[in-house]
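Visitor: Return atomic coordinates for the entry below.
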Amino acid sequence: MAKRAGSADLPLHGGRVPAWLGTRMTKLGAVITQAIVLEYGRDEMLRRLSNPFWFQSFGAVMGMDWHSSGITTSVIGALKRGLAPLAGELGIHVCGGRGNQSRQTPHELAAIGDRTGVDGAALARASRLVAKVDSAAVQDGFDLYLHGFIVTDDANWVVVQQGMNGDRRQARRYHWLSQGLQSFVDQPHAAIDGTGQGVIVNLTDRRANPARQHMLGVLSDLGPDGIQHQLALLEDRPPLAQASLLHLVMPAHHDVRPENIVTRRLHGNLAAAAERGPQDFAELLLVPGVGARTVRALAQVAEIVHGAPYRFTDPARFSIAHGGKDRHPYPVPLKVYDHTIAVLKAAVHNAKLGHSEELAAMKRLDDQARQLERHATGPTVETLFAWERQASHGYGGRSVFGWEPQPRAFSARGESSGG
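Guide: From the prediction side, this is the model:
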């Protein structure tokens with residue numbers, strides 16, 4: 001039975017994803033999805049999306065703000081755009097979105113039902129119930145403003161939706177997974193992301209079943225006028241205790257700090273790129289403009305594709321692959337980003353033709369990172385960031401503030417401007 005898996009603080013951030021990043025997020029999100037489906041199947045992709053830690057890391061590796069609520073909107077949007085042309089091939093459909101788009105979800109699901117033969121009406125009902133549960137049955141101070149519904153041709157689905165608390169400048173993300181779901185009102189969530197707000201009303205807790213039954217009885221026996229009287233009798237009773245949840249704390253500070261990263265995992269990524277890169281990506285490294293920096297990014301993308309769930313407790317680490325649009329931890333290195341997309345596209349294309357050497361190399365890169373992190377050493381987080389910022393102009397660094405200028409001097413211990 002699906003249960004809540006965790007929670008996280010998500011600071012509210014305004015602004016829009018710039019077109020130069022949004023286009024790349026669409027391409028990278030689509031090709032990572034293809035790689036996961038090829039390796040593990042589309043139901044595994046749904047399970048990944050239902051994991052709040054993986055979801056946050058997925059957004060970070062695509063260059064979004066590593067800790068903010070904007071990851072939810074941008075990832076759902078990128079997947080909706082990127083997977084639409086691949087829906088017939090992958091059998092995965094992304095519906096909904098933010099604001100008005102969320103209200104179109106039932107119509108989109110009905111259309112998918114007409115095309116694929118799944119029960120679109122049942123999916124639309126599920127969509128409405130999920131939204132109602134997280135807006136009415138769970139009253140935690142967050143008003144829903146985003147609803148993403150991802151469904152396969154087998155009628156399996158995952159929902160990622162988000163609410164905001166404007167007064168606190170915080171967001172909460174809710175994850176649902178249809179696999180094992182037996183009830184929409186009895187502990188149905190795969191996970192809830194958000195900051196603790198003290199005591200909340202949670203009628204989906206299994207221990208609240210007597211309360212749900214009592215509510216129906218009050219309405220049936222006493223009518224609407226009897227509810228006010230019953231509420232008055234309940235005012236002085238102690239609140240229902242909440243179940244203990246895993247809690248991912250996404251801090252309010254925008255900059256990436258060393259304490260946000262598990263350093264041994266980072267050093268494992270870097271060491272694997274250095275040791276396996278020349279062996280498995282020799283031809284890639286001979287391509288003009290492509291270098292060790294691209295292999296370092298691929299090491300983290302490989303972990304997104306192959307990593308075990310426990311690997312995603314530090315989403316900030318994945319922002320090291322392609323930086324962040326707001327220049328944290330450093331500007332997005334567009335040359336590296338484009339090379340990453342090109343390598344993954346080629347690997348997926350060849351795998352479809354029966355040649356899986358490139359995807360196998362990505363798997364070895366991830367395996368090696370886990371082995372090496374036990375004893376690997378490397379630069380401090382601050383030093384790595386300093387190197388990246390110095391090299392940013394040569395990597396095609398760009399942020400919402402513009403292109404990175406040419407630095408006065410650059411000495412990065414053998415690194416070059418090649419991606």
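Visitor: what distance separates stretch 120-129 from the centre of its chain?
Guide: Counting by CA atoms, centre = their mean, to the nearest Å, stretch 120-129 is centred 23 Å from the centre of its parent chain.
Visitor: buried set for stretch 27-45?
Guide: 27-39, 42-43, 45 (16 or more other CB atoms under 10 Å). (Glycine included, C-beta is placed from N, CA and C.)
Visitor: contact partners of the one helix or strand G277 maps to?
Guide: Using DSSP states H and E, G277 maps to helix 263-280. With CB atoms under 8 Å, 6 or more residues apart in numbering as the test, helix 263-280 has contacts from 285, 292, 295-296, 298-300, 303, 311, 314, 317, 320, 361, 364-366, 368-374, 376-379, 381, 384.
Visitor: Of those residues, keep whichever come out buried.
Guide: Buried among the contacts of helix 263-280 (16+ other CB under 10 Å): 292, 295-296, 298-300, 303, 311, 314, 317, 320, 361, 365-366, 368-370, 372-373, 376, 378, 381, 384.
Visitor: low-confidence ranges in the protein?
Guide: Low-confidence segments of the chain, defined by pLDDT under 70: 1-9, 136-140, 180-248, 409-418.
Visitor: and the protein, what are its domains?
Guide: 7-205+240-248, 258-403 (automatic domain parsing).
Visitor: could you dump these to CSV with distance to G419?
Guide: Output for the domains of the chain, formatted as CSV (distance: least, CB to CB, whole Å):
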stretch, distance to G419
domain 7-205+240-248, 13
domain 258-403, 4
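Visitor: what's downstream of the lengthiest helix in the chain, the next helix or strand?
Guide: Ranked by number of residues, the top helix in the chain under DSSP state H is helix 19-40. Going down the chain from helix 19-40, the next helix or strand is helix 42-49, by DSSP H and E.
Visitor: Tell me the spacing between the residue nearest the centre of the chain and R370.
Guide: Nearest residue to the geometric centre of the chain (CA atoms, centre = their mean): F55, 2.0 Å. Distance of F55 to R370, given as CB to CB, to the nearest Å: 21 Å.
Visitor: Off-centre distance for stretch 73-83?
Guide: Taking mean C-alpha positions (CA atoms, centre = their mean), stretch 73-83 and its chain are 11 Å apart.
Visitor: Please enumerate residues in contact with stretch 69-79?
Guide: Contacts for stretch 69-79 (CB under 8 Å, 6+ apart): 10-13, 15, 17, 22, 25-26, 28-30, 33, 55-56, 58-60, 62, 64-65, 94, 96-98, 146, 148, 150, 160, 162, 164, 170-171, 173.
Visitor: tell me which residues of that stretch are tucked away?
Guide: Applying 16+ other CB under 10 Å to stretch 69-79 flags 69-79 as buried.
Visitor: who's in contact with S135?
Guide: Neighbour list for S135: 143-144, 163 [criterion: CB under 8 Å, 6+ apart].
Visitor: quick one: the closest residue to G268 other than its chain neighbours from E275, how far?
Guide: Spatial nearest neighbour of G268, excluding adjacent residues (CB to CB, 6 or more residues apart in numbering): E373 at 2.7 Å. From E373 across to E275, the span is 12 Å (CB to CB).
Visitor: again, but for G148
Guide: 39 Å.
Visitor: Ok, G99 next?
Guide: Taken as CB to CB, the span from G99 to E275 is 47 Å.
Visitor: try G117
Guide: G117 sits 49 Å away from E275, going by CB to CB.
Visitor: and if you look at K363?
Guide: 15 Å.
Visitor: more crowded one of G148 and E275?
Guide: Remark: of G148 and E275, G148 carries more neighbours, 25 against 16, as counted by other CB atoms under 10 Å.
Visitor: what about that one, is that helix, strand or coil?
Guide: strand (DSSP: H, G, I helix; E, B strand; the rest coil).
Visitor: If I follow the layout properly, it ends up in contact with V159?
Guide: Yes - the criterion here is CB atoms under 8 Å, and G148 meets it with V159 at 6.8 Å.
Visitor: now the strands for the stretch 201-350 of the chain?
Guide: Using DSSP state E, counting those that start in this stretch, the strands of the stretch 201-350 of the chain run over 201-202, 247-248, 332-333.
Visitor: can you pull the contacts of R42?
Guide: Applying CB under 8 Å, 6+ apart, the residues near R42 are 90-92, 152.
Visitor: residues touching the residue nearest to the centre of the chain, list them.
Guide: 48-49, 71-72, 75, 160, 173, 175.
Visitor: Show me which of these is closest to D255.
Guide: Of all the contacts of F55, the one with the least separation from D255 (CB to CB) is I71, at 16.4 Å.
Visitor: Work out for me the element the closest one sits within.
Guide: Going by DSSP H and E, I71 is part of helix 70-83.
Visitor: Tell me the gap between that helix and the middle of its chain.
Guide: The chain centroid and the centroid of helix 70-83 are separated by 9 Å under CA atoms, centre = their mean.
Visitor: contacts for the helix or strand that that helix is followed by?
Guide: Next along the chain after helix 70-83, taking DSSP H and E as the criterion, comes helix 87-90. Under the contact criterion CB under 8 Å, 6+ apart, helix 87-90 has outside partners 33-34, 37, 42, 83, 93.
Visitor: re the thing from before, can you tell me which of the contacts of S135 end up in strands?
Guide: Applying DSSP state E to the contacts of S135, the entries found in strands are 143-144, 163.
Visitor: from these, which would you call buried?
Guide: 144, 163.
Visitor: Reformat the ones in strands among the contacts of S135 into TSV and put distance to E388 next to each item.
Guide: Formatted as TSV, those follow (distance: CB to CB, whole Å):
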residue	distance to E388
D143	38
L144	37
G163	35
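Visitor: what's the closest non-adjacent residue to W176?
Guide: Of all residues not flanking W176 in the chain, V159 sits nearest, at 4.0 Å (CB to CB, 6+ apart).
Visitor: and the one you found, that's in a strand?
Guide: Yes - counting by three-state DSSP, V159 falls inside a strand.
Visitor: Distance of the residue lying closest to L365 once chain neighbours are set aside relative to V130?
Guide: Counting by CB to CB, 6+ apart, L365 lies nearest to A302, which is 4.6 Å off, once chain neighbours are set aside. Applying CB to CB, the value for A302 to V130 is 32 Å.
Visitor: And for G354?
Guide: According to CB to CB, G354 stands 40 Å off from V130.
Visitor: before we move on, what about I320?
Guide: With distances taken as CB to CB, I320 is found 34 Å from V130.
Visitor: Likewise for T105?
Guide: Distance of T105 to V130, computed by CB to CB: 10 Å.
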